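Trainee: this is the structure alone, sequence omitted:
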């Protein structure tokens with residue numbers, strides 16, 4: 001006599017198989033298309049080595065950065081827009097700026113400093129606050145990933161975007177306005193990294209202190225736009241009155257702009273600006289280490 005399972009007996013087994021299939025499909029989807037809420041599952045479910053996990057996380061965060069219109073605009077689009085707009089107005093004729101250089105040549109390091117400011121004051125704090133809002137940082141905390149891997153991936157992504165923006169600006173300025181290469185490429189690169197790391201430290205501090213992504217955006221813009229117009233990043237300071245140039249020394253972005261200008265235009269290292277930025281960077285790092293919250 002053959003036994004034929006009743007519908008009541010067969011239904012639970014069928015449902016278990018259906019649940020397993022759906023779970024498998026969901027896992028494959030998360031691996032193929034990581035999202036802000038799910039990209040960590042790729043690392044959580046794999047036995048990747050620390051370096052492989054770091055590279056995977058960095059690649060994922062890079063794609064997420066480029067998918068964010070505001071971050072992409074302020075990092076890549078806005079500095080290039082200023083370069084083209086002011087270049088069309090003032091050109092790059094010799095002696096149109098101090099030091100017998102063209103206006104666009106003089107202004108280019110400021111546009112690079114602008115990118116540094118936008119990454120440190122807007123992009124990084126908003127990213128960290130958003131991940132905290134969505135519980136991503138809390139979930140990272142329970143994975144085998146070390147904190148230095150998670151935060152190091154963010155730093156690497158933002159430094160990579162700074163590098164890409166600098167190359168884009170340099171190429172556009174050279175092709176469109178005959179802006180020469182830096183007087184000292186090594187010093188210019190050192191100044192770029194120095195300023196970038198300093199503002200990343202500030203960004204980590206803001207990301208540690210602000211409770212939500214909306215607050216991070218409000219605080220970041222409150223800090224960024226005064227620095228944008230007063231530091232010499234968007235508008236060269238030789239156009240400012242003396243009292244405004246003197247008042248602007250309280251802004252970290254002023255010293256970043258001066259450090260880049262001296263290295264790029266004159267091949268000189270501005271020790272005063274570097275000392276101020278070192279103090280800001282070290283102080284921000286210490287404070288961020290103490291204040292950072294994963295939840």
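Mentor: Nice, thanks for sending it over. Everything numeric in this text was worked out from a predicted model, so none of it was measured.

Trainee: pull out the buried residues from whichever helix in the chain runs longest.
Mentor: Scanning the chain for the longest helix, with DSSP state H as the assignment, gives helix 147-177. Neighbour-count burial for helix 147-177, counted by 16 or more other Cβ atoms under 10 Å, picks out 149-151, 153-159, 161-162, 165-166, 168-170, 172-173, 177. To be clear about C-beta, it is placed using only N, CA and C from the backbone, and glycine gets the same treatment.

Trainee: next: stretch 88-97.
Mentor: 90, 92, 97.

Trainee: mind checking pLDDT for the second one?
Mentor: In this case it means residue 92. With respect to pLDDT, residue 92 has a value of 88.

Trainee: tell me the spacing between it and residue 103.
Mentor: 6 Å (Cβ to Cβ, to the nearest Å).

Trainee: before we move on, what about the first one?
Mentor: Distance check for residue 90 against residue 103: by Cβ to Cβ, it reads 4 Å.

Trainee: for the last one, same thing?
Mentor: For residue 97, the distance to residue 103 under the criterion Cβ to Cβ works out to 5 Å.

Trainee: so how far is stretch 219-231 off the chain centroid?
Mentor: Here stretch 219-231 is found 16 Å from its chain centre; the criterion is Cα atoms, centre = their mean, to the nearest Å.

Trainee: show residues contacting it.
Mentor: Residues outside stretch 219-231 that contact it (Cβ atoms under 8 Å, 6 or more residues apart in numbering) are 110, 113-114, 117-118, 121-122, 125-126, 206, 210, 233-235, 237, 244, 247-248, 251-254, 256-257.

Trainee: among those residues, name the buried ones.
Mentor: 110, 113-114, 117-118, 121-122, 125-126, 206, 210, 233-235, 237, 248, 251-254, 256-257.

Trainee: in helices, which of those residues fall?
Mentor: Applying DSSP H to those, the entries found in helices are 110, 113-114, 117-118, 125-126, 206, 252-254, 256-257.
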